[in-house]
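# A predicted structure for the sequence below; I have some questions about it.
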Amino acid sequence: MFDRFTDRARKVLGLSREAAQRFRHDHIDAEHLWLSLLAEGRGVAARVLTTLHVDPKRLRDAIERTLSEGSAPAAAGQLPFTARAKQVLEDAIEEAHRLGHRNIGTEHLLLGLLRDRTGPAAATLAGLGVTLEAARDEIVLLLGATPRETRPALSPPDDPVFDRLTRPAGKAVFFARRDAQRRGCHEVRTEHLLLGLLEVEEGLARAVLTQLGVDVARLATAVEPHAHRDLERPPAGHLPLAEAAREVLALAGREAEGMEHRLVGTAHLLLALLVRGDSPAARALGDAGQRADDLRETIVDLLEATPGLDGPAEGTRTPSAIVDATPARAIRPERPTPTLDAYGLDVARALEASRRSAVVGRDAVLDRVVDVLHRRARPNVLLVGPPGVGKTAVVDELARRCATGTDAGRLAGYRVVRLDVPALVAGTKYRGQLEERARVLVAELRRAGDVVVHVEDVRLLATSGFSAESLKVAEALGPLVRGEAAATIVTASAEVAGPTLERLGLAHCFTPIEVAEPEPAAARAMVAAHREALAAHHGVEVTDDALDVAIAGGLTLVGRHLPSSALDLLDETCARVARRGAAGARPVVDATAVRATLVAARPPER
């Protein structure tokens, strides 16, 4: 029964035995499972309870007050589960199946315990407005789910406006429904929509309100009294949208169309709430001094200041603000990809954070890569070349083009994600764990539809999981490497690319593109593009003759290739000169300094 339980879930079961022994009980009941789940405190269940504003200590005290000490002697072996505890475990397995999750974790144990309507925990959580449906929605938001029927039913499936919501706007509506359910309301009203908008920090609505000088906390305080309870108990199931809230969504869609935006963002929802002036949310916005014309003008001004085709402008709060408001021709709507985010690196965001220099001299290779990625069938690229010629740099520049929409064609707005294959494999100790991770990852890629996956070394696709039964990564990620889930770029040296792909039976799935070692003149231009960044990092000046000697020296290093060999040589020289330079003077890196580093870098002759 416990083969599919994760390590944390098994730890919870072990702690439940200790909890029963602490109270001298000769059995394990649901209360012991609750105490062990709260004691574990680090799994998904703990994160869900925190999000639902549950105080673990308060809940633990409420449970322990109802448990009296038994008279059973301390048992050395396993304790039996009561029928009630067994039902909780069976419900946890059923919840995992309902969410499309293969393994049973602490989050599924939490759902199984919430399905038990008896006991002190149920009464305490009911008083806090925590329901099974709210916990399940939080888990879906954190981990995703496969069956459609488990997704938060915030509006009818045929509602075209809901399908056009950006990710921040979707979160706002989700938070609105969750807030209405916690307050015991029987439907989601406009005031709940406004509170949900104010809860989403990355949306454009917050930037608009800040620009207009609105105190967001004061606005939330003003609208909260209107979001009152309708029922004595929180209703079960998903809440419907009130008629006024549906009208706001429809009006937001029309406002987006009037601005020539296909996507409906948080700013459009905010504007729609204000335009529909007969609601508590509109009155709260009006009392804050907001007028529809001013709000609309501010939205347009902010969009012009953060054009999606040119990337984030100076002063933009977060890249997600652009996702929230840029016209659909510039970007594609974001979709939640928690597994991909956990095991991958968004290359464009990493480049922006590190302020890495742009790649020059690889336009022909990049154009060919973009052409192959546009293919209908097998849009997979194999970048082949010796180490150091800049294969990864080509992928980095592609990510930059996709983020800015420059020479990217239909790939404008796509994310280039570097997949960490060792991390994907790590921890897959039990049979089926690797396949489950890969299945969820591929499902997220298919749903997103706007991701290019990069694997740094083709040999990583031949890595096996830790258990003997684990499939190879290439087999587990079959739909990905065959180009059925997303476009894929793999880098490799010529010596290993062919044999590895042949052994995996994937040679026909990839189009090889050679990244050759550049000529010295082209390599000099590539290294020169990093000149200012190196000088600023080390606090030195780099002369022209230093570049020339670095290129010539890079050609002489055995086993190294331009431009990386010359760039590494110049980087090390800058470090040596900066460390040995006189205090107060800006050191100069010249040809002599590069030659000295070159002598130190060469292995001693035998």
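Here it is on my side, so go on.

# got the residue ranges for the strands in the stretch 451-600 of the chain?
Here the stretch 451-600 of the chain has its strands, by DSSP state E, counting those that start in this stretch, at 451-455, 487-492, 511-514, 541-542, 588-589.

# separation between the most centrally placed residue in the chain and Glu502?
The centroid of the chain falls nearest to Asp341 when counting by C-alpha atoms, centre = their mean (3.5 Å). Separation of Asp341 from Glu502 (C-beta to C-beta, to the nearest Å): 33 Å. In short, each C-beta sits where N, CA and C put it, glycine included.

# got the phi/psi numbers for Ala377?
Ala377 has phi and psi values of phi -110, psi 140 when expressed as degrees, to the nearest 10.

# give the burial count for it, as a bare number.
Ala377 has 9 neighbours, counted by other C-beta atoms under 10 Å.

# and it, how far is that from Ala600?
Ala377 sits 51 Å away from Ala600, going by C-beta to C-beta.

# again with Val369
37 Å.

# quick one, which of these two is more surrounded?
Each of Val369 and Ala600 has its neighbours counted (other C-beta under 10 Å); Val369 has more, 25 against 10.

# could you say which helix or strand holds Val442?
Here Val442 sits within helix 433-448, counting by DSSP states H and E.

# quick one: stretch 255-265 to chain centroid distance?
Distance of stretch 255-265 from the chain centroid (C-alpha atoms, centre = their mean, to the nearest Å) equals 25 Å.

# end to end on that stretch, go ahead and measure it.
10 Å (C-alpha to C-alpha, to the nearest Å).

# buried residues of that stretch, list them for me.
255-256, 259, 261, 263-265 (16 or more other C-beta atoms under 10 Å).

# for the residues you listed, work out which two are farthest apart.
Largest separation among the buried residues of stretch 255-265 by C-beta to C-beta: Glu255 and Leu263, giving 11.8 Å.

# contacts for stretch 521-540 next, please.
Outside stretch 521-540, the residues within contact range by C-beta atoms under 8 Å, 6 or more residues apart in numbering are 355-361, 390, 517-518, 541-542, 547-548, 550-551, 554, 562-563, 566-567, 570-571, 574-575, 577-578, 581, 586-589.

# could you point out which element follows the helix or strand of the chain with the lowest mean pLDDT?
In the chain, no helix or strand scores lower on mean pLDDT, DSSP states H and E than helix 319-325, which sits at a mean of 38. Once helix 319-325 ends, the next helix or strand along the chain (criterion: DSSP H and E) is helix 338-343.

# for that following helix, what does the pLDDT average out to?
Helix 338-343 shows a mean pLDDT of 81.

# what packs against that helix?
Applying 3 or more C-beta pairs under 8 Å, 6 or more residues apart in numbering; DSSP states H and E, one finds that helix 338-343 contacts helix 132-143, helix 421-425, helix 433-448.

# give me the contact list for that helix.
With C-beta under 8 Å, 6+ apart, helix 338-343 has contacts from 142-144, 417, 419-420, 423-424, 437, 440-441, 444-445, 448, 451.

# now do stretch 362-373
Counting by C-beta under 8 Å, 6+ apart, 379-381, 383, 390, 393-394, 397-398, 401, 407-409, 411, 452, 487, 489, 511, 513, 515 sit against stretch 362-373.

# from these, which would you call buried?
Here, 16+ other C-beta under 10 Å leaves 379-381, 383, 390, 393-394, 397-398, 401, 408, 411, 452, 487, 489, 511, 513, 515 buried among these.

# list the ones among the residues you listed that fall in helices.
The helices, defined by DSSP state H, take in 393-394, 397-398, 401 from the buried ones among the contacts of stretch 362-373.

# what's the closest of the residues you listed to Arg60?
Nearest to Arg60 among those, with distances taken as C-beta to C-beta, is Leu398, at 51.5 Å.

# tell me the contacts of that closest one?
366, 369-370, 408, 416, 452, 489.

# any chance of these in CSV, with distance to Leu249 too?
What follows is the contacts of Leu398, written out as CSV (distance: C-beta to C-beta, whole Å):
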residue, distance to Leu249
Leu366, 41
Val369, 40
Val370, 37
Ala408, 32
Val416, 33
Val452, 32
Ile489, 39
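
# now for the residues you listed, which pair is the farthest apart?
Using C-beta to C-beta, those span at most 13.8 Å, a distance reached by Ala408 and Ile489.

# what are the ranges of the helices in the stretch 51-200 of the chain?
56-66, 83-98, 106-114, 120-127, 132-143, 160-163, 167-182, 190-199 (DSSP state H, counting those that start in this stretch).

# looking at those, which is nearest to Ala20?
For Ala20, the closest of these is helix 83-98, at 9.8 Å, according to C-beta to C-beta.

# helices or strands next to that closest one in the packing?
Checking 3+ C-beta pairs under 8 Å, 6+ apart, helix 83-98 ends up next to helix 30-40, helix 106-114.

# quick check: which of the ones you listed is buried the most?
helix 106-114 (a mean of 26; mean count of other C-beta atoms under 10 Å).

# centre of the chain to it, how far?
Worked out by C-alpha atoms, centre = their mean, helix 106-114 lies 24 Å from the chain centre.

# what average pLDDT does it get?
On average, helix 106-114 scores 89.

# report the buried residues of stretch 195-209.
Buried residues in stretch 195-209, counted by 16+ other C-beta under 10 Å: 195-200, 202-209.

# make that stretch 211-229, sorry
214, 216, 219-220, 222-223, 226-227.

# need the mean per-residue confidence for it.
Stretch 211-229 comes out at a mean pLDDT of 73.

# try stretch 86-98
What stretch 86-98 shows for mean pLDDT is 85.

# which parts of that stretch are buried?
Quick answer for stretch 86-98 (16+ other C-beta under 10 Å): 88-89, 91-93, 95-96, 98.

# could you dump those residues into TSV and include distance to Ala242?
Shown next, in TSV, are the buried residues of stretch 86-98 (distance: C-beta to C-beta, whole Å):
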residue	distance to Ala242
Val88	35
Leu89	39
Asp91	32
Ala92	34
Ile93	37
Glu95	29
Ala96	33
Arg98	28
